[in-house]
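# A structural model of the following input is requested.
(one chain, ligands or ions: 2)
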Amino acid sequence: MPEFLAERCMDCGGCVGVCPHDSLDLFQGFITVRASCTECDLCVRLCPVDALASVRGPR
Ligand code: SF4
Ligand code: SF4
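Ligands and ions are numbered 1, 2, ... in the order given. A predicted model of the protein is given here:
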């Protein structure tokens, strides 16, 4: 699942809306990724400030 780089995030909420599995939570500038993430990378591509990085774990 994507790695979150908190120091880059500008709290826009765009990634939360784009996730097809509702896997992202945004709270006070911090994103958490739920286990339901399928690593589709839509959020990674959407984030305007590269605060989400694609990290593919073992499946
Ligand atoms: S990689 Fe895809 S499924 Fe995972 S949090 Fe991002 S948009 Fe959602
Ligand atoms: S799209 Fe990027 S900047 Fe916006 S809330 Fe998500 S991680 Fe933060």
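# alpha carbons only for contacts and neighbour counts from here, please
Noted.
# what's near enough to touch the closest residue to Ala6 other than its chain neighbours?
Counting by Cα to Cα, 6 or more residues apart in numbering, Ala6 lies nearest to Phe30, which is 6.2 Å off, once chain neighbours are set aside. By Cα atoms under 8 Å, 6 or more residues apart in numbering, the contact list for Phe30 reads Ala6, Cys9, Asp11.
# what of Val49?
Neighbouring residues of Val49 by Cα under 8 Å, 6+ apart: Arg8, Cys9, Met10.
# out of those residues, who's nearest Arg34?
Cys9 (17.9 Å; Cα to Cα).
# all helices in this structure, in order from the N-terminus.
Remark: helices assigned in the chain by DSSP state H are 14-18, 42-46.
# alongside ligand 1, which residues does this protein contribute?
1-2, 19-21, 23-24, 33, 37-43 (Cα under 6 Å from any ligand atom).
# verify the stated contact: Val44 with Leu24.
No - if you go by Cα atoms under 8 Å, Val44 and Leu24 don't touch, sitting 11.6 Å apart.
# next, show the common contact partners of these two.
Residues within reach of Val44 and of Leu24 at once, by Cα under 8 Å, 6+ apart, are Cys15.
# for Thr32, give me its contacts.
Taking Cα under 8 Å, 6+ apart, one finds Phe4, Leu24, Asp25, Leu26 in contact with Thr32.
# now do it, the pLDDT please.
pLDDT recorded at Thr32 is 97.
# ok, now Val55?
87.
# who's in contact with it?
Neighbours of Val55 in contact, by Cα under 8 Å, 6+ apart: Met1, Pro2, Glu3.
# wait, the second one touches Ala53, no?
Yes - with contact taken as Cα under 8 Å, Pro2 and Ala53 are classed as touching, separated by 5.3 Å.
# re earlier: which residues does the residue nearest to Ala6 bridge with?
Phe27 (DSSP bridges).
# go through stretch 41-59 and flag the buried ones.
Counting neighbours by 16 or more other Cα atoms under 10 Å, one finds that the buried residues in stretch 41-59 are Asp41, Cys43, Val44, Cys47, Ala51, Leu52, Ala53, Ser54.
# before we move on, the earlier item: which among the contacts of Val49 end up buried?
Among the contacts of Val49, those classed as buried by neighbour count (16+ other Cα under 10 Å) are Cys9.
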